[in-house]
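Chemist: Quick one: sequence and predicted model below, then my questions.
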Amino acid sequence: MNILFFLLLFIVGIVAGFINTLAGGGSTLVLPVLILSGIPSPIANATNRVAILMQNLTGTHHFHKHGKLKVKPVLHITLAAIIGSIVGSMFAIKVDSATFDKILGVVFILILLLMLHHKKQKQVTSRLFPRWLEFLIFLAVGFYGGFIQVGIGFILLATLNLIENYDLVNANAVKVFIVLCYTVFAVIIFAISGKILWVHGLVLACGNSLGAYLGVKAAIKKGEKVVKIVLAVAITIACLKLFGILKLIGL
């Protein structure tokens, strides 16, 4: 890999960190870049976690600094997400590359469809769930986060809105904190299994951290249409590669 690729990776990391911190979906940009460079999808999935860890560490620090994050009320769902993530990460390291390609391809298509048919969320009143049910919900969310991670921001925002009527800033602060906590364990598991490309991960981490800092500071949803177009193109190309269509046409 040459220096231009790592420069591209750094820039992609900035964009991913920015949109991940504001909402979610940044990994749908990072993973296609890693995969299209020839890195197997399970390795790309693991390597991306280094950047996710640093991005959410930065985001959590700045949300807390500005008084937007209250940890105590979400400790039980954070613990559930951590347990789910550990199981999901252990599952991810055992899935072969060909199977993971297909799973990731399906996830990309679903996220692409959600992006294209996105509607503004209506404000809902606060809904109270018993704590054991919240725990089970976030156990499942954590499993997905540990296994694939892609689109977890959207899932967490929707789930947080389901269990409590957070405003967008507070929901993002809680989301960033939860992802930080469970990603610590995911990185440890992926590192022990030898799935992480550390140089790639650290370059991405620098970009993601800068993007997260800018994301906390920035106005929400600026340039959303452009981001959606870029993500749609990247996801489409990645899906073609993951399902072997590019190889069939000689690319």
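Modeler: It's in.

Chemist: so how far does stretch 191-199 reach from one end to the other?
Modeler: Taking C-alpha to C-alpha, to the nearest Å, stretch 191-199 runs 13 Å from one end to the other.

Chemist: And the lowest mean pLDDT element among the helices and strands of the chain?
Modeler: When each helix and strand of the chain is scored by mean pLDDT, DSSP states H and E, helix 224-242 comes last, with a mean of 60.

Chemist: Mind checking what helix or strand follows it in sequence?
Modeler: Later in the chain than helix 224-242, the nearest helix or strand by DSSP states H and E is helix 245-248.

Chemist: could you say what helices and strands that next one packs with?
Modeler: Applying 3 or more C-beta pairs under 8 Å, 6 or more residues apart in numbering; DSSP states H and E, one finds that helix 245-248 makes contact with helix 224-242. (Each C-beta comes from the backbone N, C-alpha and C, glycine too.)

Chemist: give the contact list for residue 200.
Modeler: 1, 6, 9, 34, 39, 47 (C-beta atoms under 8 Å, 6 or more residues apart in numbering).

Chemist: And those, which is closest to residue 58?
Modeler: Closest to residue 58 out of those is residue 9 (17.5 Å), distances taken as C-beta to C-beta.

Chemist: per-residue confidence for the closest one?
Modeler: Per-residue confidence (pLDDT) for residue 9: 94.

Chemist: can you check the one 3 residues further on too?
Modeler: Residue 12 is assigned 94 on the pLDDT scale.

Chemist: how deep is it tucked in, by neighbour count?
Modeler: Number of residues near residue 12 (other C-beta atoms under 10 Å) recorded here: 24.

Chemist: how about the nearest residue to it, chain neighbours excluded?
Modeler: Closest residue to residue 12 apart from its sequence neighbours, by C-beta to C-beta, 6 or more residues apart in numbering: residue 33 at 5.2 Å.

Chemist: How about the helix or strand harbouring the one you found, which residues are buried there?
Modeler: Residue 33 belongs to helix 27-36 when assigned by DSSP H and E. Using 16 or more other C-beta atoms under 10 Å as the test for burial, helix 27-36 gives 27, 28, 29, 30, 31, 32, 33, 34, 35.

Chemist: I'd say the second one and residue 105 touch.
Modeler: No: counting by C-beta atoms under 8 Å, residue 28 does not reach residue 105; the two are 11.9 Å apart.

Chemist: Now stretch 174-193: buried residues?
Modeler: Neighbour count says stretch 174-193 has 174-183, 185-187, 189-190 buried, by 16+ other C-beta under 10 Å.

Chemist: Which of those residues fall in helices?
Modeler: Here DSSP state H is the test, and those give 174-183, 185-187, 189-190 as lying in helices.

Chemist: from these, which is closest to residue 88?
Modeler: Checking those one by one against residue 88 (C-beta to C-beta), the nearest turns out to be residue 186, at 7.8 Å.
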